[in-house]
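Novice: What shape does this take:
(one chain, ligands or ions: 1)
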Amino acid sequence: MSNYHIKHLEEYFQVYRKSVQNPEAFWEEVAEEHFFWRKRWDRVLEWDFTKPEIKWFEGAQLNITENCIDRHLRSRGNKTAILFEPNDPGEAAEHITYRQLHERVSKFANVLKEKGIKKGDRVIIYLPMIPELAISVLACARIGAIHSVVFAGFSSTALATRINDCGAKMVITSDGSYRGNKTIDLKGIVDEALKQCPHVETVLVAKRTKEKISMKNGRDHWLQPLLDKAYADCVAEIMEAEDPLFILYTSGSTGRPKGMMHTTAGYMVYTAYTFKNVFQYREDDVYWCTADIGWITGHSYIVYGPLANGATTVMFEGAPSYPDFGRFWEIVQKHKINQFYTAPTAIRALAKESLDFVTKYDLSSLKVLGTVGEPINEEAWHWYNDHVGDKKCPIVDTWWQTETGGILISPIPYSTPTKPTYATLPVPGVQPALMDENGKEIKGNQADGRLCIKFPWPSIARTIWGDHQRYKDTYFSAFEGMYFTGDGALRDEVGYYRITGRVDDVIIVSGHNLGTAPIEDAINEHPAVAESAIVGFPHDVKGNALYGYVILKETGESRDRDNLKKEINQMITEHIGPIAKLDKIQFVPGLPKTRSGKIMRRILRKIASKDTSNLGDTSTLLNPEVVEQIMKESL
Ligand code: PRX
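Specialist: Residues are numbered from 1 along each chain as shown. Sure thing, here's the model as predicted:
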């Protein structure tokens, strides 16, 4: 029996037992057998959740790109590492072999060095889903620079906040991006952001759309001529196990995004291990995750996890609806995809369209289907199972977070019997706990509580960049000695977990985490707005949509309401990005508040969801009369 590759349910239980009885021995065996180390570790694990401090494989030295690229060169040099499928189906797909990837990453790494980037420097990557995105991520890792990818749908303000928060010296971007039939001026967004970022010395610009853009002398450089001149070999920087690999920003319950910092060895071991097991990847399979590398799913399960296993991983630049709603299935047929991993929001959107878009294509190559990012509802699950998987592909409903680095709860396909809407069982090494309101663990099956994890797993984020106290307060203070996920969950009679959703001020819209605070901050910048509160309400495609309650200043009262609504959404687009726009905006005379001045979001959520039969006790409110009025005028 190998700990590394689980092939049936009995084996899962055996491996799981071993992994919790002696986690260090378990992870040591995985690390020893499947990776290339420059120096072995002195200690497998050191941890203290009260500080909190977590160190895996201390003393070990490695470079993650040697594990993702170099060590495959001999046996898989001509195998496709990255299969790039462009936005436009008329443009040819590009197969990048492991050997070519080695050369392209090496050249890129040498360009970074030439431009003064050294180990520990932060580099912001703001690129569409083109090969340069994965290559620049790996090039940073090659020389020990800390990459921070910012999703290319974020606005210039959001980009500037992230650049400044991590103190990046360099930004890597492109002239523009394609998505569906739209062209987006990415470089223009970067130029706007950089007005607020005096520390950025260099901007490297990849050519994609060939639109005319402006280049600032001395700061901005076209990437290709630099790559053409660069040497095609670059010795990998030797990294300590706990050296930072990347920072990835996620929303929180205050305005400032949290720069989750992940380190090298544990992240590599865990993403590789989970990729192999959760997707049951076999040597000649073609694996496709539709996420963007701007999110953690893309980091762990497009780039690092698959490449660490020598897999063929697909990168798709486009959208599921362009040129029509059959695009995903056309790609599955074209590249004979074996594992397909997407988000429930995409499944719901496609399920609304004609079935002909699916049945037109041959999907018989599929073996495993995955979902991630939000709870999948039963209807979407069945549609996916019946029409995409033809009832023969297990669905892995994978639960995890930016903070966890890798998948923590998921079925192992062909081992764990699946159950619609349940993420089922913890991955080996993961010890979940459900906590009650008094902070006590609820033991036994059939429980409902707040989801915590009791013991560290190798890819847990180690800190929030520049703010360790916030890391401690957010994740390790709600329940003593535990990592708190921010999610609620149920456990059924056999111990399967079902994630019920966020229990904090984060709302998941179309699979994107959005904090209420940054959106409210953006709205409040509008000169006519006095105060605002955002809540989520159920939406049949997006999962949740946003409902904003807005109090106008006296000066705003006379303004045209429809124009105001447009301007408010424009503010949000400028500060965060179009993903955070509100579906409904209601102007209100006041917001229900407790006597200590806290907005009672519970009540606002119920009104937005049209679930007002039981609003609970409102008598303790400072202004109970406002509830009645908000209800009367609700949208
Ligand atoms: O609420 C959970 C939800 O997404 C949150 C994490 O979001 P993010 O950090 O953006 O990472 C998303 C991709 C890993 C979680 O706290 N979530 C994620 N996966 C699932 C899920 N909710 C239910 N079921 C899932 N499979």
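
Novice: which other residues reach the longest helix along the chain?
Specialist: In the chain, assigned by DSSP state H, the helix with the most residues is helix 98-114. The set of residues external to helix 98-114 that reach it, using C-beta atoms under 8 Å, 6 or more residues apart in numbering, is 65, 69-70, 72-73, 76-79, 81-82, 96, 123, 131-132, 135-136, 138-140, 142-143, 145, 170, 204, 223, 226-227, 230-234, 310. C-beta here means a position set from N, CA and C on the backbone, and glycine is covered the same way.

Novice: Type out the ChimeraX command that picks the buried ones from those residues.
Specialist: In ChimeraX syntax, the buried subset of the contacts of helix 98-114 is picked out as below (16 or more other C-beta atoms under 10 Å):
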select :65,69,70,72,76,79,81,82,96,123,131,132,135,136,138,139,140,142,143,145,170,204,223,226,227,230,234,310
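
Novice: and the next element down the chain from the longest helix of the chain?
Specialist: strand 122-126 (DSSP states H and E).

Novice: in its sheet, what does that next one sit against?
Specialist: strand 146-149 (parallel), strand 170-174 (parallel) (DSSP bridges).

Novice: Send me the shortest one as PDB with only the CA atoms.
Specialist: These are the backbone C-alpha positions of strand 146-149, laid out as PDB (Å, rounded to 0.1, in the frame of the first residue of the first chain):
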ATOM      1  CA  ILE A 146       7.600  36.000  -4.100                       C
ATOM      2  CA  HIS A 147       4.900  36.100  -6.700                       C
ATOM      3  CA  SER A 148       1.500  37.700  -6.000                       C
ATOM      4  CA  VAL A 149      -0.900  37.200  -8.800                       C
END
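
Novice: Would you indicate which residues of that strand are buried?
Specialist: 146-149.

Novice: Determine the set of other helices and strands touching whatever helix or strand Pro225 lives in.
Specialist: Using DSSP H and E, Pro225 sits in helix 223-229. Contacts defined by 3 or more C-beta pairs under 8 Å, 6 or more residues apart in numbering; DSSP states H and E place helix 223-229 against helix 98-114, strand 202-206.

Novice: ok so, going back, which one of the strands paired with strand 122-126 lies closest to Thr161?
Specialist: strand 146-149 (11.6 Å; C-beta to C-beta).

Novice: Summarise which helices and strands the helix or strand following the closest one is packed against.
Specialist: Per DSSP H and E, the first helix or strand lying C-terminal to strand 146-149 is helix 156-166. Counting contacts by 3+ C-beta pairs under 8 Å, 6+ apart, helix 156-166 packs against strand 122-126, strand 146-149, helix 186-194, strand 244-250, strand 258-263, helix 561-575.

Novice: dump the residue contacts of the residue of the stretch 51-200 of the chain at minimum distance from the ligand.
Specialist: Distance from the ligand to each residue of the stretch 51-200 of the chain (C-beta to the nearest ligand atom) is smallest for Phe151, at 10.4 Å. With contact taken as C-beta under 8 Å, 6+ apart, Phe151 is in contact with 292, 294-295, 577.

Novice: mind running it again at 7 Å?
Specialist: 292, 294-295 (C-beta atoms under 7 Å, 6 or more residues apart in numbering).

Novice: Next one: it from Ile124, what distance?
Specialist: 12 Å (C-beta to C-beta, to the nearest Å).

Novice: hmm, back to that, alpha carbons of the helix holding Pro225, in PDB - could you do that?
Specialist: Provided in PDB are the C-alpha atoms of helix 223-229 (Å, rounded to 0.1, in the frame of the first residue of the first chain):
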ATOM      1  CA  LEU A 223       8.800  41.200 -22.600                       C
ATOM      2  CA  GLN A 224       9.600  39.400 -25.900                       C
ATOM      3  CA  PRO A 225      12.800  41.200 -26.900                       C
ATOM      4  CA  LEU A 226      14.100  40.600 -23.400                       C
ATOM      5  CA  LEU A 227      13.300  36.900 -23.500                       C
ATOM      6  CA  ASP A 228      14.800  36.600 -27.000                       C
ATOM      7  CA  LYS A 229      18.200  37.800 -25.600                       C
END
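
Novice: and the very next helix or strand once past it, which strands flank it?
Specialist: Next along the chain after helix 223-229, taking DSSP H and E as the criterion, comes strand 239-240. Partners of strand 239-240 in the sheet, by DSSP bridges, are strand 61-62 (antiparallel).

Novice: just checking, Asn67 touches Phe36?
Specialist: Yes - counting by C-beta atoms under 7 Å, Asn67 touches Phe36, with 5.4 Å between them.

Novice: helix, strand or coil for the residue sitting furthest away from the middle of the chain?
Specialist: For the chain, the residue at maximal distance from the C-alpha centroid (C-alpha atoms, centre = their mean) is Ser558, at 42.0 Å. Assigned by DSSP: H, G, I helix; E, B strand; the rest coil, the conformation of Ser558 is coil.

Novice: mind showing which ranges of this structure have poor pLDDT?
Specialist: Along the chain, the parts satisfying pLDDT under 70 run over 1-2.

Novice: got the residues of it near the ligand?
Specialist: Counting by C-beta under 6 Å from any ligand atom, the chain comes close to the ligand at 250, 296-297, 372-375, 397-402, 423, 485-487, 499, 502, 508, 513.

Novice: quick one: buried residues of stretch 570-578?
Specialist: 571-577.

Novice: roughly how far apart are the closest residue to Leu133 other than its chain neighbours and Arg208?
Specialist: Nearest residue to Leu133, sequence neighbours excluded (C-beta to C-beta, 6 or more residues apart in numbering): Leu127, at 4.3 Å. Plainly put, Leu127 is 9 Å away from Arg208 if you go by C-beta to C-beta.

Novice: what residues are shared contacts of those two?
Specialist: Ser174.

Novice: In terms of neighbours, single out the busier of these two.
Specialist: Leu127 (30 against 21; other C-beta atoms under 10 Å).

Novice: Now do the same contact list for that one.
Specialist: By C-beta under 7 Å, 6+ apart, the neighbours of Leu127 are 133, 136, 152, 172-174, 206.

Novice: if I read this right, Gly536 contacts Asn544, doesn't it?
Specialist: Yes - contact criterion C-beta under 7 Å: Gly536 and Asn544 qualify, at 3.8 Å.

Novice: which neighbours do the two share?
Specialist: Counting by C-beta under 7 Å, 6+ apart, the shared contacts of Gly536 and Asn544 are Ile507.
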